[in-house]
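*Asks:* starting from these lines, generate the structure:
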Amino acid sequence: MLIPCYNEEAAIGQVVHDFRAALPEAAVYVYDNNSRDRTREVAATAGAIVRTEPRQGKGNVVRRMFADIDADIYVLVDGDDTYHAASAPAMIERLRAAQLDMVVGCRETGEQAAYRPGHRFGNALLTGFVATLFGRQFSDILSGYRVFSRRFVKTFPAIAAGFETETELTIHALELRMPVDEVVTPYRSRPEGSASKLNTYRDGFRILLTILKLFRSERPLEFRPLA
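*Replies:* Numbers count the residues shown, from 1 in each chain. Next comes the predicted model:
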């Protein structure tokens, strides 16, 4: 169980508690990314194994976690208490039963505050763009809730430094033609005192550039007419 964290004092304790309850046999690792609050202390008190990654950015944290931890199955989730821990066993079972390499928790919510219109629109736009370029339809390429096989984790190149990492995860699976699937999971608002670190326009632009860079790298002959 891998949880990247940055300034999530208000949420991380509940996240660790919920996932330890949902996956009692799993080791829960929280990787702190230079938090300025009590994220590390709260996570440790809740029962997590706490480690640090000094290079700022979610992509840097994911790269470090994937390199450090050896397991047969990996569950990756954000530390903001917006994802549904009780869905984890079903996602793992889907991975095992179908011998998949990645299962994405596709977010579903009726709460307006949980999924801001700008984020919702941007996700739909970028998801459609990936489908157009790489030929496979995902419903939610930016979900931070995923289950992976060991093969996926240990072949993932992890180049991105920031929030582009979810896009990399998706395109890596598509380009290697790995077997993947989605499971619909409930999604809720952040708890009081927890704030999103994602900037709709700045990070959306970076994600778009990442998609184009990966397309150019993976399919240079197809990219050339677009230049």
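
*Asks:* which non-adjacent residue is nearest the most centrally placed residue in the chain?
*Replies:* Residue closest to the average C-alpha location in the chain (CA atoms, centre = their mean): Gly144, at 2.7 Å. When the adjacent residues along the chain are set aside, Gly144 lies closest to Asp78, with 4.0 Å between them (CB to CB, 6 or more residues apart in numbering). For every residue, glycine as well, the C-beta is placed using N, CA and C.

*Asks:* correct me, but Ile3 touches Tyr29?
*Replies:* Yes: using CB atoms under 8 Å as the test, Ile3 is close enough to Tyr29 to be in contact (6.7 Å).

*Asks:* near Ile69, how many other residues are there?
*Replies:* Other residues within reach of Ile69, judged by other CB atoms under 10 Å, total 16.

*Asks:* what sits against it?
*Replies:* Applying CB atoms under 8 Å, 6 or more residues apart in numbering to Ile69 gives the contacts 2, 29.

*Asks:* returning to what we had before: so the residue nearest to the centre of the chain sits in a helix?
*Replies:* No: assigned with DSSP: H, G, I helix; E, B strand; the rest coil, Gly144 falls outside any helix and is coil.

*Asks:* look up phi and psi at it.
*Replies:* phi -90, psi 10 (degrees, to the nearest 10).

*Asks:* numbering from 632 from now on, please.
*Replies:* Okay, residue one is now 632; in that scheme the one you just asked about reads as Gly775.

*Asks:* for it, give me its contacts.
*Replies:* By CB under 8 Å, 6+ apart, the residues touching Gly775 are 707-709, 714, 797.

*Asks:* run the last query once more with 10 Å
*Replies:* 634-635, 689, 693, 707-711, 713-714, 735-736, 738, 794, 796-797, 800, 829 (CB atoms under 10 Å, 6 or more residues apart in numbering).

*Asks:* same question, Ala658
*Replies:* 632-633, 651, 679-680, 700, 702.
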